[in-house]
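Participant: Give me a model of this one.
(one chain, ligands or ions: 1)
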Amino acid sequence: MSTTPHGERQPGPTARLLVVTAVQAEADRVTAGLRAAGGEYHDESPQGMDGHRVVRLGRAEAVVLAAGVGPAAAAAGTAAALALVGPFQLVCSAGIAGGFAEAAAVGATVVADAVLAADLGATTPDGFSDVTELGFGTVRHTPPPAAVELAAGALRSAGITTATGPVLTVSTVTGTAARAAELAERHPGAAAEAMEGFGVAEAAARFGLPVLELRTVSNPVGPRDRAAWRIGEALVALEQAFAVLPYRELIDTAAKESG
Ligand SMILES: O=C(O)c1cccc(C(=O)CC[C@H]2O[C@@H](n3cnc4c(=O)[nH]cnc43)[C@H](O)[C@@H]2O)c1
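Facilitator: Modelled structure (predicted):
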């Protein structure tokens, strides 16, 4: 038995979502969005783990964690949370990102239809080869398509400018037009670039769990221009996105598709 935000009791087990951000400012906005969606905040660190926030939303529950910047911190933090604070049925990487101009402008929200490791490989005389081409492992995780469409549809219905497309995970932020063009050519349709999604997805895959990645765009991918960053705007957009997602349906859809 679980409880709605209004105190009504509902049958069935609670479905649980783990949301992993890089920094605390992102986790705070995600938590604020979950509360705006009707969630009840519980100021608790499950099993003594610091920095986790728990928000109960009727028959769903979200745990929000800031795991650090970059794919290694994201993977380590996600794996620790899945092992120590689980079980979960869905994992979501969330935060701000750079947007590829043709797909996602500053302020837009992106739901990844592919989570790609964009710089995991080797440079060769013929150019870049990713680890799959080199014969090791994967550079791609695919979020459940129906869950991606459900999330994107809910965002659009709320009037939020939303793109779906591949989100690239990089260890080095792109800072030149040449690198942006190289990535766009290698990953046609790429919508955004960030630094954690693939790490979160690798950890989720180890636990047999589906993954989503949701990003709000703070800056264009391209020549470095700190004055052009709109981090505050992107954080507000992150809160707005997490205020309108249909959590229980999303978790059930993702679990059904991946199971
Ligand atoms: O120093 C720079 O030029 C620079 C430009 C953009 C972002 C940064 C960061 O250190 C932010 C890293 C943080 O935010 C996400 N993020 C936001 N924009 C981007 C981007 O264009 N490319 C990659 N990551 C981005 C990222 O997920 C990190 O969590 C520095």
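
Participant: Which positions in the stretch 51-200 of the chain make contact with the ligand?
Facilitator: 69, 95-98, 170, 173-175, 193-196 (Cβ under 6 Å from any ligand atom). Quick note: C-beta positions are derived from backbone N, CA and C, even for glycine.

Participant: quick check, nearest of those to residue 153?
Facilitator: residue 97 (20.5 Å; Cβ to Cβ).

Participant: Need the CA coordinates for stretch 246-257. CSV is fine.
Facilitator: This file holds the C-alpha atoms of stretch 246-257, laid out as CSV (Å, rounded to 0.1, in the frame of the first residue of the first chain):
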residue,chain,number,x,y,z
PRO,A,246,4.1,11.5,-15.4
TYR,A,247,6.3,9.6,-13.0
ARG,A,248,4.4,6.4,-12.4
GLU,A,249,3.5,5.9,-16.0
LEU,A,250,7.0,6.7,-17.1
ILE,A,251,8.6,4.1,-14.7
ASP,A,252,6.0,1.5,-15.7
THR,A,253,6.4,2.2,-19.5
ALA,A,254,10.2,2.0,-19.3
ALA,A,255,10.2,-1.1,-17.1
LYS,A,256,7.7,-2.8,-19.4
GLU,A,257,9.7,-1.9,-22.6
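
Participant: Residue 234 belongs to a strand, doesn't it?
Facilitator: No: per DSSP: H, G, I helix; E, B strand; the rest coil, residue 234 lies outside any strand segment and is helix.

Participant: Which stretches in the stretch 151-259 of the chain count as helices?
Facilitator: 177-186, 197-206, 231-242, 247-258 (DSSP state H, counting those that start in this stretch).

Participant: Which residue comes closest to the residue of the chain found nearest the ligand once chain neighbours are left out?
Facilitator: Of all residues in the chain, residue 98 sits closest to the ligand, at 2.2 Å by Cβ to the nearest ligand atom. The shortest distance from residue 98 to any non-neighbouring residue, by Cβ to Cβ, 6 or more residues apart in numbering, is to residue 221 (4.0 Å).

Participant: same deal with residue 107?
Facilitator: Per Cβ to Cβ, 6+ apart, closest to residue 107 is residue 233, 5.5 Å.

Participant: can you pull the contacts of that neighbour?
Facilitator: Shown in contact with residue 233 (Cβ atoms under 8 Å, 6 or more residues apart in numbering): 106-107, 218.

Participant: top of those residues by neighbour count?
Facilitator: Highest neighbour count within these, by other Cβ atoms under 10 Å: residue 218, with 24 neighbours.

Participant: residues contacting residue 113?
Facilitator: Residue 113 is in contact with 142-143, 145, 148, 164-166, counting by Cβ under 8 Å, 6+ apart.

Participant: quick check: angle from the helix or strand harbouring it to helix 231-242?
Facilitator: Using DSSP states H and E, residue 113 sits in strand 109-117. Relative orientation of strand 109-117 versus helix 231-242 (axes from the mean of the first three to the mean of the last three Cα atoms, to 10 degrees): 100 degrees.

Participant: Sounds good, over and out.
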